[in-house]
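S.K.: okay, structure incoming, though there's no sequence with it:
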């Protein structure tokens with residue numbers, strides 16, 4: 001990976017400290033994390049014993065974790081709870097990330113890995129044998145104990161489209177279930193739109209924080225020299241500016257993605273979003289590339305036809321602070337199963353597909369064992 005833009009300000013460097021005492025994993029399946037804790041701790045002491053106590057040497061150790069954690073949108077290393085960091089930086093991630101740039105051997109350690117046909121095709125294949133209702137708008141979920149609920153079942157009211165000839169109407173329907181598994185963002189602002197949030201749920205989910213993360217895509221004039229690029233330093237000066245530039249399919253598509261943290265994590269304005277787009281355009285030109293329809297200062301160019309581009313900004317990385325970490329996950333486990341409700345998703349483990357699926361599978365295996 002290549003560092004672009006500003007150089008790291010040595011005066012701003014702080015020692016990277018690895019905290020191991022009193023750290024508890026989010027669930028029982030992470031025993032392998034303990035061995036990685038010991039590995040990193042040994043590495044840190046080994047470097048210290050060799051005299052790696054200068055700013056530059058400690059900065060190298062910090063960057064080893066900071067590049068993937070911050071670049072991928074999981075926050076600044078100093079602010080992110082250690083178990084989250086170790087969830088992402090497993091040996092399965094760490095080793096390929098270090099070896100993939102190396103000649104020859106890099107072909108055996110591909111990183112980052114991706115589904116070549118995209119996630120949508122993956123979930124379409126998963127859903128083939130399941131009764132998945134598409135294009136529905138859930139209006140209300142009733143649970144036992146709700147003010148408007150009269151029985152012990154889970155009721156789900158929803159609207160679904162129905163088409164008669166050339167006319168499409170929305171139809172109201174209700175389904176009833178024994179249990180509810182919520183697989184959505186566990187934020188009160190989201191949940192209260194369709195469910196009566198209990199006091200214990202509200203208190204727990206109020207701890208959850210997210211980042212406003214942005215992705216801008218452009219067609220550039222030619223392939224990037226490197227498919228994954230970092231823009232240093234990873235600090236507050238780059239808020240609202242891209243700190244990662246990625247070309248997913250070099251040689252096949254010249255679509256390039258620019259990733260950035262929004263200027264703020266809530267209520268991002270249209271003007272602030274446009275500033276993120278302009279910063280992406282300016283960075284592309286700084287890297288020696290051109291974008292049709294855009295000037296090097298980030299403004300649209302009316303004299304040149306613009307090509308395809310997109311901009312998305314969304315709440316990312318459901319997490320809790322280091323101070324709330326133990327309290328949140330203990331409370332989450334205590335809440336599972338109450339009111340016939342279970343919770344899965346990014347907040348329950350770590351916001352990557354594999355950890356989310358691991359937790360969901362463990363929850364189903366424990367609470368809904370297969371009947372032989």
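M.R.: Good, I have the coordinates. All figures in this text were calculated on a predicted structure; none of them were measured in a lab. Numbers count the residues shown, from 1 in each chain.
S.K.: so, low pLDDT: which residues of this structure?
M.R.: When residues are selected by pLDDT under 70, those of the chain lie in 1-61, 112, 372.
S.K.: ranges for the helices of it?
M.R.: Using DSSP state H, the helices of the chain run over residues 31-49, 55-71, 82-88, 91-99, 119-127, 188-191, 199-205, 270-286, 325-335, 353-367.
S.K.: just those: most buried one?
M.R.: helix 82-88 (a mean of 20; mean count of other C-beta atoms under 10 Å). Yep, even glycine has a C-beta here, placed from its N, CA and C like the rest.
S.K.: can you redo the helices of the chain as JSON lines with distance to residue 234?
M.R.: Shown next, in JSON lines, are the helices of the chain (distance: least, C-beta to C-beta, whole Å):
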{"stretch": "helix 31-49", "distance to residue 234": "19"}
{"stretch": "helix 55-71", "distance to residue 234": "4"}
{"stretch": "helix 82-88", "distance to residue 234": "14"}
{"stretch": "helix 91-99", "distance to residue 234": "16"}
{"stretch": "helix 119-127", "distance to residue 234": "26"}
{"stretch": "helix 188-191", "distance to residue 234": "28"}
{"stretch": "helix 199-205", "distance to residue 234": "29"}
{"stretch": "helix 270-286", "distance to residue 234": "15"}
{"stretch": "helix 325-335", "distance to residue 234": "22"}
{"stretch": "helix 353-367", "distance to residue 234": "23"}
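S.K.: nearest to residue 139, out of those helices?
M.R.: Of all those, helix 188-191 sits nearest to residue 139, with 13.6 Å by C-beta to C-beta.
S.K.: contacts for the closest one?
M.R.: With C-beta atoms under 8 Å, 6 or more residues apart in numbering as the test, helix 188-191 has contacts from 182, 184, 197, 201, 202, 205, 206.
S.K.: apply 6 Å and report the result again.
M.R.: 197, 202, 205 (C-beta atoms under 6 Å, 6 or more residues apart in numbering).
S.K.: could you do stretch 159-173 as well?
M.R.: 135, 136, 137, 158.
S.K.: among those, which ones are in strands?
M.R.: 137, 158 (DSSP state E).
S.K.: most surrounded residue in the contacts of stretch 159-173?
M.R.: Within those, residue 158 tops the neighbour count with 18 neighbours, counted by other C-beta atoms under 10 Å.
S.K.: that residue and residue 136, how far apart?
M.R.: As judged by C-beta to C-beta, to the nearest Å, residue 158 and residue 136 stand 5 Å apart.
S.K.: likewise for residue 194?
M.R.: 11 Å.
S.K.: with residue 181 instead?
M.R.: Here residue 181 is placed at a distance of 16 Å from residue 136 (C-beta to C-beta).
S.K.: same question, residue 264
M.R.: 32 Å.
S.K.: outline the domain layout of the chain.
M.R.: 14-108, 119-208+320-367, 209-317 (automatic domain parsing).
S.K.: start and end of the longest one, how far apart?
M.R.: Its first and final residues considered, domain 119-208+320-367 spans 28 Å by C-alpha to C-alpha, to the nearest Å.
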